[in-house]
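> sequence? don't have it. structure:
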């Protein structure tokens, strides 16, 4: 059972455009939703995270939008740059499950100059 | 070191051989996780260690896979009688504590790319 579904699998955006990646989850016990960024040959690195008590969190050009009723959350990258080209993973974890994260399938983003 | 260190970075092995993958977490991090990433795929949870508690082995795909963590620090993931479907990048991560609110997420190593031929 895939508990966190991520789309699209790949995305091509022009420099300066907005990149949008979506995730949906099933388990209402999830209460922590991070996004990770992975460059080739490297491990994923934490980018930004949100808890369900807020609907949006912004850090620089990166924004998470969260819709608790729809059980969906998304990552928006404003003014996308070629250096943002990477694979992005959404994830979720639940209370009383340690810090164990369940990851989405990943989105490969390419930002064209 | 400042980050999570994994070794070797690459490993090619023959089908049927045993392999050991090593992870050195960040000093002081009490939680350690192993994930597997197949080519172009997401991250599959394998096993989780937290302090002195019994590990959560619920993600191990078969009894050929095992892991241990000695002295609450270094961890070794062992795959016995390797199969071609075991080929993947094996990622280790560590974090500070079980209580997420004190944690800034996982810190991942760069992984070990395992190829079974």
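The structure has been received and is ready for your questions. Because the structure is a prediction, the values reported are computed rather than measured.
> residue A:27 contacts residue A:93, correct?
No - judged on CB atoms under 8 Å, residue A:27 makes no contact with residue A:93 at a distance of 10.0 Å. Using the backbone N, CA and C atoms, a C-beta is placed for each residue, glycine as well.
> buried set for stretch B:108-117?
Burial within stretch B:108-117, assessed by neighbour count using 16 or more other CB atoms under 10 Å in any protein chain shown, is assigned to B:108, B:109, B:110, B:111, B:112, B:113, B:114, B:116.
> what mean pLDDT does it have?
Mean per-residue pLDDT for stretch B:108-117: 96.
> run a quick neighbour tally on the residue in chain A that chain B sits nearest to.
Residue nearest to chain B within chain A (CB to the nearest CB): residue A:43, separated by 3.0 Å. By the measure other CB atoms under 10 Å in any protein chain shown, the count of residues near residue A:43 is 23.
> if I pick the closest residue to it other than its chain neighbours, what's in contact with it?
Nearest residue to residue A:43 in three dimensions, chain neighbours excluded: residue B:108, at 3.0 Å (CB to CB, 6 or more residues apart in numbering or on different chains). Contacts of residue B:108 were listed using CB atoms under 8 Å, 6 or more residues apart in numbering or on different chains, and they are A:36, A:43, A:44, A:45, B:4, B:91, B:92, B:93.
> ok, now which ones touch the nearest residue to residue A:28 once chain neighbours are set aside?
Computed as CB to CB, 6+ apart, the closest residue to residue A:28 that is not its neighbour in sequence is residue A:71, at 7.2 Å. By CB under 8 Å, 6+ apart, the contact set of residue A:71 is A:24, A:25, A:26, A:28.
> could you confirm residue B:85 falls within a strand?
No - counting by DSSP: H, G, I helix; E, B strand; the rest coil, residue B:85 is not part of a strand but helix.
> beta partners of the nearest residue to it once chain neighbours are set aside?
Among residues not flanking residue B:85 along the chain, residue B:116 sits closest, at 8.0 Å (CB to CB, 6+ apart). For residue B:116, the beta-bridge partners are residue B:13 (DSSP bridges).
> where along the chain do the strands fall?
All of this refers to chain A. If DSSP state E is used as the criterion, the strands of chain A fall at A:4-7, A:10-14, A:19-25, A:30-38, A:45-50, A:56-59, A:62-67, A:72-77, A:86-94, A:102-103, A:107-112.
> other chain: chain B
Using DSSP E, the strands of chain B run over residues B:5-7, B:10-13, B:19-24, B:31-37, B:43-50, B:65-69, B:75-79, B:88-95, B:107-108, B:112-116.
> fine by me, thanks again.
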